[in-house]
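Engineer: let me see the structure of the following:
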Amino acid sequence: MKRIVGRALSVGASKFATAFALFVFPAISAVAQDAPPAPHPHITFHSSSHLVLVDVVALNAKNGLPDKTLKREDFQVFDNGHPVSIKTFDSGAQFTTRPLSLWFVVQCAMPGWEKEGSGLFAGQIDRLKPALQSLENQDTVAVAHWCDDGQSKLDLLPTSNVDQAATSLEQVLATTLNSDGHDRPGELALQSTLQLIVDETRTVKPEPVPVLIFLYGDYSAMPRSEADHFIGELLETSAVAYGLRDRRSPRIWSLGEQGAIANYIATQTGGEYLRVTPETYAKGLEEILLQLHGRYELGFKPEVLDGKRHKLLVTLADAAKSQHKRVRLRHRLAYVPTGTAN
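Structural biologist: The predicted structure follows:
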């Protein structure tokens with residue numbers, strides 16, 4: 001099966017083909033860190049194992065800011081085109097949404113591949129620290145990486161220590177790997193890293209929302225069918241993917257394939273991939289956190305637990321549309337109902 005076109009796809013692209021089939025490979029390594037803070041008294045945790053929680057970002061199309069004034073009755077949820085009843089409703093404005101487990105995911109630096117991978121962020125992580133100061137009390141930050149020679153590691157487990165996270169990121173990005181493009185080892189390494197992240201998140205009770213933030217040029221592509229296959233695995237969780245892509249990173253154009261895989265994954269999971277410059281690294285991260293802290297969480301129970309992908313649509317009710325004409329909603333585009341919480 002064709003996975004890559006030239007070296008441009010040998011490093012960044014095919015890794016994603018199996019990377020998000022997260023849930024079948026054992027952990028490789030991890031480093032223990034401080035335990036996260038105790039739950040905030042205002043946060044509402046819903047314990048039903050069959051409850052699907054949909055994170056919804058409502059942005060004002062004019063100013064790009066979250067609209068925090070919506071109520072439960074303002075939303076409609078459709079499961080495969082059929083309306084479902086909203087059983088639970090939580091709002092970031094009321095501080096009742098689940099806390100965030102923010103994971104920075106980077107690729108080992110490789111000579112000559114800085115713009116296509118994560119190399120442009122090396123020596124620049126301090127620029128992100130002002131944005132990280134806006135983390136809420138129960139949010140945590142962590143670091144993970146993968147390498148094309150098969151290395152995979154959680155470098156820093158969730159902690160509230162922002163300085164420690166910044167130091168860990170710089171240490172990872174300072175390590176240079178000489179690789180001629182080890183396709184399969186790199187795929188398995190990224191897959192294992194993301195598996196470790198999901199497993200670590202599930203050890204925390206109540207479970208936070210795992211947010212993957214790729215600091216990655218995303219010069220990648222693969223057949224759409226393969227991309228959709230591993231996205232189906234990710235949709236069994238509440239994970240959402242975001243990314244920061246330096247504007248100096250080249251764009252990928254791929255005929256007959258899905259290009260910019262990380263961007264595609266972010267869109268499918270309800271996240272976003274932002275183009276930034278070193279001067280706007282912090283602004284980009286602040287925008288991501290603003291969206292996440294201002295989000296809504298809508299809970300519903302699926303009629304069947306069939307393990308199949310269901311199309312998910314969240315809209316404003318008719319009355320709300322007239323009152324919030326500029327509001328645009330973003331959420332994951334599908335989910336997979338299983339016997340565990342989504």
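Engineer: how about residue 266, secondary structure?
Structural biologist: helix (DSSP: H, G, I helix; E, B strand; the rest coil).
Engineer: pLDDT weak spots in the stretch 1-150 of the chain?
Structural biologist: 1-49 (pLDDT under 70).
Engineer: which strands and helices sit next to the longest helix seen in the chain?
Structural biologist: For the chain, the helix with the greatest residue count under DSSP state H is helix 183-202. Helix 183-202 sits against helix 15-19, strand 100-107, strand 140-146, strand 152-159, strand 209-215, with contacts defined as 3 or more CB pairs under 8 Å, 6 or more residues apart in numbering; DSSP states H and E. C-beta here means a position set from N, CA and C on the backbone, and glycine is covered the same way.
Engineer: list the buried ones in stretch 87-103?
Structural biologist: 87-93, 95-103 (16 or more other CB atoms under 10 Å).
Engineer: same thing with stretch 332-340?
Structural biologist: 332-338.
Engineer: taking the residues you listed, tell me the two that lie furthest apart.
Structural biologist: 333 and 338 (17.5 Å; CB to CB).
Engineer: ok so, going back, need the buried residues of stretch 332-340 in JSON lines (columns: secondary structure and distance to residue 82).
Structural biologist: Shown next, in JSON lines, are the buried residues of stretch 332-340 (DSSP: H, G, I helix; E, B strand; the rest coil; distance: CB to CB, whole Å):
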{"residue": "332", "secondary structure": "coil", "distance to residue 82": "17"}
{"residue": "333", "secondary structure": "coil", "distance to residue 82": "16"}
{"residue": "334", "secondary structure": "strand", "distance to residue 82": "14"}
{"residue": "335", "secondary structure": "strand", "distance to residue 82": "14"}
{"residue": "336", "secondary structure": "coil", "distance to residue 82": "16"}
{"residue": "337", "secondary structure": "coil", "distance to residue 82": "13"}
{"residue": "338", "secondary structure": "coil", "distance to residue 82": "19"}
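Engineer: okay if I get those as TSV plus pLDDT and distance to residue 67?
Structural biologist: Shown next, in TSV, are the buried residues of stretch 332-340 (pLDDT from 0 to 100; distance: CB to CB, whole Å):
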residue	pLDDT	distance to residue 67
332	94	19
333	94	20
334	93	24
335	91	23
336	87	29
337	85	29
338	76	31
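Engineer: report the residue ranges of every domain in the protein.
Structural biologist: Domains of the chain are assigned by automatic domain parsing as 7-33+100-293, 52-96+294-335.
Engineer: out of those domains, deepest packed?
Structural biologist: Neighbour counts (mean count of other CB atoms under 10 Å) averaged over each of the domains of the chain peak at domain 7-33+100-293, with a mean of 20.
Engineer: for that domain, the distance to its chain's centre please.
Structural biologist: Averaging C-alpha positions (CA atoms, centre = their mean, to the nearest Å) puts domain 7-33+100-293 8 Å from its chain's average.
Engineer: what of stretch 78-96?
Structural biologist: Using CA atoms, centre = their mean, the offset of stretch 78-96 from its chain centre is 20 Å.
Engineer: quick check: end-to-end length of it?
Structural biologist: 23 Å (CA to CA, to the nearest Å).
Engineer: what's that stretch in contact with?
Structural biologist: Contact with stretch 78-96 is made by 40, 42-44, 46, 51, 53, 66, 68-72, 75-77, 97-98, 136, 292-303, 310-315, as judged by CB atoms under 8 Å, 6 or more residues apart in numbering.
Engineer: for residue 289, which non-adjacent residue is spatially closest?
Structural biologist: residue 134 (5.6 Å; CB to CB, 6 or more residues apart in numbering).
Engineer: tell me who's in contact with the one you found.
Structural biologist: Counted by CB under 8 Å, 6+ apart, residue 134 has contacts 286, 289-290, 293.
Engineer: in helices only, show me these.
Structural biologist: Those of the contacts of residue 134 lying in helices (DSSP H): 286, 289-290, 293.
Engineer: just those now: which is nearest residue 161?
Structural biologist: residue 289 (17.0 Å).
Engineer: list the contacts of the closest one.
Structural biologist: Per CB under 8 Å, 6+ apart, neighbours of residue 289: 131, 134-135.
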